[in-house]
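In: return a 3D structure for these sequence lines:
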Amino acid sequence: VQLVESGGGLVQAGGSLRLSCAASGFTFDDYAIGWFRQAPGKEREGVSCISSSDGSTYYADSVKGRFTISSDNAKNTVYLQMNSLKPEDTAVYYCALDGYCSPRMDYWGKGTLVTVSS
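Out: Residues are numbered from 1 along each chain as shown. Predicted coordinates:
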């Protein structure tokens, strides 16, 4: 299984970024892809997750109303639209894949850095 994140970068507070996670090499009929982030000196936290079977989504309280997760099942790609970014959103963002959304998913990408300047 390969997961490749893209779309990170430097943005000013209040700005937007869209992250992409392209998944390949798996044979699950139903799967979930989650976004996680880890800021320097902090533990990794779950940000959002989407299930391919029914499109159900999960958001951490800290990003509700600002981030939107979506998927293109034909392309096996999941997107994370991040609006109204705050300096505290600065982190390395990882996508992960498993059969269902959980804090401990089996397959992980290498991450993409998001830096929000104040």
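
In: how about the contacts made by the residue positioned nearest the centre of the chain?
Out: Nearest to the mean C-alpha position of the chain, by Cα atoms, centre = their mean, lies W35 at 2.6 Å. Residues near W35 by Cβ atoms under 8 Å, 6 or more residues apart in numbering: 19, 21, 46-49, 69, 78, 80, 93-96. For glycine as for every other residue, the C-beta is placed from the backbone atoms N, C-alpha and C.

In: what is it paired to in the beta sheet?
Out: Beta-bridge partners recorded for W35 (DSSP bridges): S48, C95.

In: what pLDDT does the model give it?
Out: Looking at W35, its pLDDT reads 98.

In: separation between it and S48?
Out: The gap separating W35 from S48 is 5 Å, by Cβ to Cβ, to the nearest Å.

In: now do the shared contacts for those two.
Out: I69, L80.

In: quick one, strands of this structure?
Out: Here the chain has its strands, by DSSP state E, at 2-6, 9-12, 17-24, 32-38, 45-51, 57-59, 67-72, 77-82, 91-98, 107-108, 112-117.

In: quick one: buried ones out of the contacts of W35?
Out: With burial judged by 16 or more other Cβ atoms under 10 Å, the buried subset of the contacts of W35 is 19, 21, 46-49, 69, 78, 80, 93-96.

In: show me which of those residues is closest to V63.
Out: Taking Cβ to Cβ as the measure, V63 lies nearest V47 of those, at 5.7 Å.

In: so what's that closest one up against?
Out: Going by Cβ under 8 Å, 6+ apart, the list of residues near V47 reads G34, W35, F36, R37, Y59, A60, V63, F67, L80, Y93.

In: can you add distance to Y107 and give these back as TSV?
Out: TSV is the format used below for the contacts of V47 (distance: Cβ to Cβ, whole Å):
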residue	distance to Y107
G34	10
W35	13
F36	12
R37	17
Y59	21
A60	20
V63	22
F67	22
L80	17
Y93	16
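
In: among these, which pair sits farthest apart?
Out: It's Y59 and Y93 that sit farthest apart of the contacts of V47, by Cβ to Cβ, at 14.1 Å.
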